[in-house]
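In: fold the following.
(chains A and B)
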Amino acid sequence: MDRMRSMKGLAPNVFTYNCLIDGFCNCVDIEIGKELFDQMNEVGVSPNVITLNILVDGMCRHGRINGALNFFSGMQGNRLKGNAVTYTTLITAYCDIDHIVKAVDLFDQMLASGCSPDASVYHRLISGLCKAGRMDAASNVLSKLKKVGFRPDIVCYNSLVRGFCKKNMVDKAYDIIKEMEEAGVKPNSVSYNSLIAYFCQNGNFGLAREAMEWMINEGHVPTIATYGDLIHAYCSNENIKEAMKLFNDMSSTSKIPPNTITYNIRIESLCNNNDINGALFLVDDMKAKGVKPYSDTYNAMFKGLKENNLLEDAFRLMDAMIEHACKPDYITMEILTGWLSTVGESGKLTSFIQGYKVSPLSE
DNA sequence: TTAGGGTTAG
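Out: Okay, the predicted model is just below:
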């Protein structure tokens, strides 16, 4: 931009600034984005609503949601009014941090300010309310959405199905599915998976498998999440045989190979049953199948190894983490700190944190 | 040429 201005004598316009601010907000530094915003005013380029939205979104993405709201409020007093995009961004951000009251408040504020919401604003709010388990309010917003002439889409319906299932209101979930069919929005695998998850959580394997059949008859294949739910539920109910069967079916018949989460479910279950060798075998199996273990895989293992005080195996896995650049998270640290300090191996932990291997059998 | 992407498993 500097070269454009000085060498070509071209003045940057609002597009130039918006692109630049977006770049700084997304990957470098919000403060520079704000400085550029101030600079626009100094050089007489008027920011538009897109400039506002870029900054609001940037602040939200950097966890500065209240800062974003303050910035927005400050602008509203001046010449910049928000639009549906501004409100969607803020409502989504507040929903994500479970400040659902604030999200609803912003929605009301939008209506009061005369800014007309689009379908997206309704969708986000419904999704947020469903996640928060506020199904009455979600149903309410759904009615409003329809009243003003929008139509819920598949994602919006799925939020509702899931929300009702989580609240043990499965009849309501079925009502939504019925409504979807009537509205010509075909339930998809996500819709069925919500029902399957509900039955799994209640240990109702008969109905879970029935829902899976229903899903298949409707032309949807079970997904990695379908299998994950079922395998987890079978493990929790100590029906390891059935869990194993599904796990093996995944690679052979279903052509959906188990992923990291599927492995984690089984590894956790084996560790809980003190079958450490079985769990270690699965970690090797992951390697053989090219499935990458993440910190939670290691955490499950460390927990099991700690219970059984199998230090050498833990050192081996700590090295594997270093080798594969898998970063320990706070859970890893919690498990290892407690364990290694009681057995007088805190030195290993220090090396581990610094990214050095710990295993080479120190004297 | 610039802005918002929301639903599923551990």
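In: contacting residues for the residue in the stretch 1-150 of chain A that DNA strand B sits nearest to?
Out: As assessed by Cβ to the nearest atom of the strand, DNA strand B sits closest to A:His123 within the stretch 1-150 of chain A, at 2.7 Å. Heads up, the C-betas are built off the backbone N, CA and C, glycines and all. For A:His123, the contact set (Cβ atoms under 8 Å, 6 or more residues apart in numbering) comprises A:Pro152, A:Asp153, A:Val155, A:Cys156.
In: isn't the second one right next to A:Val185, touching?
Out: The reference is to A:Asp153. Yes - taking Cβ atoms under 8 Å as the definition, A:Asp153 is a contact partner of A:Val185 at 6.9 Å.
In: who has more neighbours, the two?
Out: A direct count of neighbours by other Cβ atoms under 10 Å for A:Asp153 and A:Val185 places A:Val185 higher, at 18 against 13.
In: residue contacts, the residue nearest to the more buried one when sequence neighbours are not counted?
Out: With Cβ to Cβ, 6 or more residues apart in numbering as the criterion, A:Val185 has its nearest non-adjacent residue at 5.5 Å, and that residue is A:Ile154. The contact partners of A:Ile154, by Cβ under 8 Å, 6+ apart, come to A:Met180, A:Val185, A:Lys186, A:Pro187, A:Asn188, A:Val190, A:Ser191.
In: and whichever residue of chain A sits closest to DNA strand B, how many neighbours?
Out: Residue of chain A nearest DNA strand B, by Cβ to the nearest atom of the strand: A:Gly228 (2.0 Å). Neighbour count for A:Gly228, taken as other Cβ under 10 Å: 21.
In: counting by contacts, list what the helix or strand harbouring it packs against.
Out: Under the criterion of DSSP states H and E, A:Gly228 resides in helix A:224-236. Packing contacts for helix A:224-236, counted by 3 or more Cβ pairs under 8 Å, 6 or more residues apart in numbering; DSSP states H and E, involve helix A:189-201, helix A:205-217, helix A:240-249, helix A:260-272.
In: which other residues reach it?
Out: Applying Cβ under 8 Å, 6+ apart, the set of residues contacting helix A:224-236 is A:189-190, A:192-193, A:196-197, A:200-201, A:203, A:205, A:208, A:212, A:215, A:240, A:242-243, A:246-247, A:250, A:254, A:256, A:258-259, A:261-262, A:265-266, A:268-269.
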